[in-house]
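Engineer: build me a model from this:
(chains A and B)
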Amino acid sequence: MNMREFATFEERLSAWTTDTMQTVFGLEESSVKLGVSPTQNETFGDYQCNAAMELAKVLKKAPRQIAQEFSDAAKLPDFVEKIEIAGPGFINFFLSNAALAEHIQSLENDSHLGVEQAGQGKTVVIDYSSPNVAKPMHIGHIRSTVIGNAIDRLYRFLGYNVVADNHLGDWGTQFGLMMVGFRSFVDEEALAEAPVEELERVYIASYNKSKEDPTWRDEAKKELVKLQQGDAENLALWKQFIELSIKEFDTIYDRLDVKFDLYRGESFYNEQLPKMIETLEGRGLAVESDGALIVDLEEDGMPVCIVRKSDGGYNYATTDLATVQSRIEEFDPERIIYVTDERQQLHFRQFFTIAKKLGMDANLVHVWFGLMRLPEATFSTREGNVIKLAALLDEAEARALEMVKSSSPDMPKEQQKELARAIGIGAIKYTDLSQNPQSLVTFTWEKALNMEGNSAPYLQYAYARISSVYDKFHAKYPDAELSQYPIIIEHELERRIAIKLSRFPAAVRAAAENYRPNIMADYLYDLAQIYSSFYQNVPFLKADEGIRESRIRLCRATAATLRKGLDLLGIETPERI
RNA sequence: GCCCCGGUAGCUCAGCUGGAUAGAGCAACGGACUUCUAAUCCGUAGGUCCCAGGUUCGAAUCCUGGCCGGGGCGCCA
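Structural biologist: Numbering: from 1, shown residues only, chains lettered A, B, ... in the order given. Next up, the predicted model:
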């Protein structure tokens, strides 16, 4: 067994049980899982091994007998206090308090809190947020942005070289309508005030006019062709649309603390499209059908995929293929992750399949999430029930400010505002991140702005309380050298915190591997709950010397974990609330 | 018609790589602030895990078939 320095108890124990099982029962490589998993109920111990039940058939023995023979033959690792056989044949392991204490102490000096740098030397491209130019971001965009960003942060923390790319929708037929619309009825004043909103208004007006006025429609088409052919004037206007849009998107990203490495819109890959078509044709993958060029995916159980329209224009499948090609050549990624809503599943399955047929060598992953809808209906611009992202953030900050004002009336105004920002934005993010991404989500203001119970402010509050305790400790005992007092695990709540802290790496890994930040959110909420109970029921500063310092150290370890975990979700941890 | 998701407490949701008594928050009820921050804690109550079969020592979790709800299915992205 060659274990790295900060291997988790679960890893060490699993390696040991696997090894021991194989030796005791003379097992070769078998399909039976011989490792351990965390128990769901702490009265059963800390980890359990379920192999005895599964081995019953293979070994032709009763499960409990297998468990007993294992237990009799085994020489327990030093970090295990005792082992118990229960129920039909569960083998339960109880970690020793001393080993737990020592483990938590060792984490104090590890900036990665026991998390292995599994991504060293590997690159992953994450494509997320990706709003359309000239359309304001609304609450439908928040999921891709917030979930994508959390995945981004998780992978960076695991040591991956992450390329976060905002694949803007900056190319397409809508720009013809934009051009003619803009020239005819843009309101300069409105444009200066809220650029993207005005651009959207212009687009809608132009679109509506095109439906009744064929001349207008033709005009739009003409301008689109001019743009595509590189007409200087149209190109300049188009660039203006993009600049205005990005500028406004960036104010949202700043508020959300989301940063991209690249802003490469679809237009970036434009010149590569004809070559992509050539490749597809050359490989015999693309064939003509009804004037369009398609890839037949019937044998893959999917409908055909159009790669060139009958008017000669390209679609998104082509762009996406060119994008993959380009990313592979430039970054050589081990994986490319796309974060979009569920409606695009078929599209991704199609172009992933084509990419594979073309021999593109990267692991393509589509992380999709359920659509957001209102209790009474789905969102639609036509219904006018779209909630702008900026408005949502404003509301969250305003509501948080009310709470800050009432709970900290003496705090300077500026500080109150700053605090309200961190809390309000945190609450919004957490709401999205704490749910299974694939669930359908119903938007309610009440839920989005929840600041009690399972919410970001609850976690932030727990963190702030620790900071406060820590400060008071130092004020009261300015000369105390914490490192001279060992961590002592005695109280049940101390033990529960220690166990939970030791499982942070598993939570990080599971969240990253499954592309599900809610696993991290769940973990943190659990930890904060245990801590809150600890805080409320066990004295720290009033405890005797030794116990006092030990508990402060546990607090500090908890704070470090909460802070890092929340950071992985993109949520700030103010020192005071 | 075909494909993908969801259906768990009054409401909003976790849990779904099978494990031993199904969990939170909100709402309800009852307690705890001269104490380390009550955005908190402690407790009570609340469940045909959509239905019916199947696999298994063991199913909310896996399989099949239904029923509801959402989404997608050739020139939008």
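Engineer: indicate the residue of chain A located nearest to RNA strand B.
Structural biologist: Closest residue of chain A to RNA strand B, CB to the nearest atom of the strand: A:G453 (2.2 Å). Placement of C-beta: from N, CA and C, glycine included.
Engineer: quick check, pLDDT for A:A74.
Structural biologist: In this prediction, A:A74 carries a pLDDT score of 87.
Engineer: how close does it get to A:D479?
Structural biologist: 47 Å (CB to CB, to the nearest Å).
Engineer: higher neighbour count, those two?
Structural biologist: More neighbours surround A:A74 than the other of A:A74 and A:D479, with 17 against 5 (other CB atoms under 10 Å).
Engineer: pretty sure the more buried one sits against A:I83.
Structural biologist: Yes. Using CB atoms under 8 Å, A:A74 makes contact with A:I83 at a distance of 7.3 Å.
Engineer: can you report phi and psi for A:I328?
Structural biologist: With angles defined as degrees, to the nearest 10, A:I328 sits at phi -60, psi -50.
Engineer: show me the contacts for it.
Structural biologist: Contact analysis of A:I328 by CB atoms under 8 Å, 6 or more residues apart in numbering lists A:360-362.
Engineer: now render those as CSV, adding pLDDT and secondary structure.
Structural biologist: Shown next, in CSV, are the contacts of A:I328 (pLDDT from 0 to 100; DSSP: H, G, I helix; E, B strand; the rest coil):
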residue, pLDDT, secondary structure
A:M360, 91, coil
A:D361, 83, coil
A:A362, 86, coil
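Engineer: and those residues, which are buried?
Structural biologist: Among those, those classed as buried by neighbour count (16 or more other CB atoms under 10 Å) are A:360, A:362.
Engineer: hang on, the earlier thing: what strand or helix carries the residue of chain A closest to RNA strand B?
Structural biologist: Using DSSP states H and E, A:G453 sits within no helix or strand.
Engineer: got any ranges where chain A has weak pLDDT?
Structural biologist: By pLDDT under 70, the low-scoring segments of chain A are A:1-6, A:30, A:375-385.
Engineer: most remote residue from it's center?
Structural biologist: A:T215 (47.3 Å; CA atoms, centre = their mean).
Engineer: and that one, backbone torsions?
Structural biologist: According to degrees, to the nearest 10, A:T215 has phi -60, psi -40.
Engineer: now do the one 10 residues further on
Structural biologist: The main-chain torsion angles of A:V225 are listed as degrees, to the nearest 10 and equal phi -60, psi -40.
Engineer: what strand or helix carries A:W368?
Structural biologist: With DSSP H and E as the criterion, the answer for A:W368 is strand A:363-369.
Engineer: in that strand, what's buried?
Structural biologist: Buried residues in strand A:363-369, counted by 16+ other CB under 10 Å: A:364-369.
Engineer: mind listing what A:L199 touches?
Structural biologist: Taking CB under 8 Å, 6+ apart as the test, what A:L199 contacts is A:134-135, A:178, A:182, A:191, A:241, A:244-245.
Engineer: mind checking the SS state of it?
Structural biologist: At A:L199 the chain is in helix, as set by DSSP: H, G, I helix; E, B strand; the rest coil.
Engineer: before we move on, back to that, for the strand holding A:W368, packing partners?
Structural biologist: The contact analysis (3 or more CB pairs under 8 Å, 6 or more residues apart in numbering; DSSP states H and E) places strand A:363-369 against helix A:142-157, strand A:335-341, helix A:345-357.
Engineer: which other residues reach the helix or strand following it?
Structural biologist: Remark: after strand A:363-369, the chain's next helix or strand is strand A:372-373, criterion DSSP H and E. Counting by CB under 8 Å, 6+ apart, strand A:372-373 makes contact with A:139-140, A:142-143, A:379, A:440-443, all of which sit outside it.
Engineer: let's see that with 7 Å instead.
Structural biologist: Applying CB atoms under 7 Å, 6 or more residues apart in numbering, the contact partners of strand A:372-373 are A:139-140, A:143, A:379, A:440-443.
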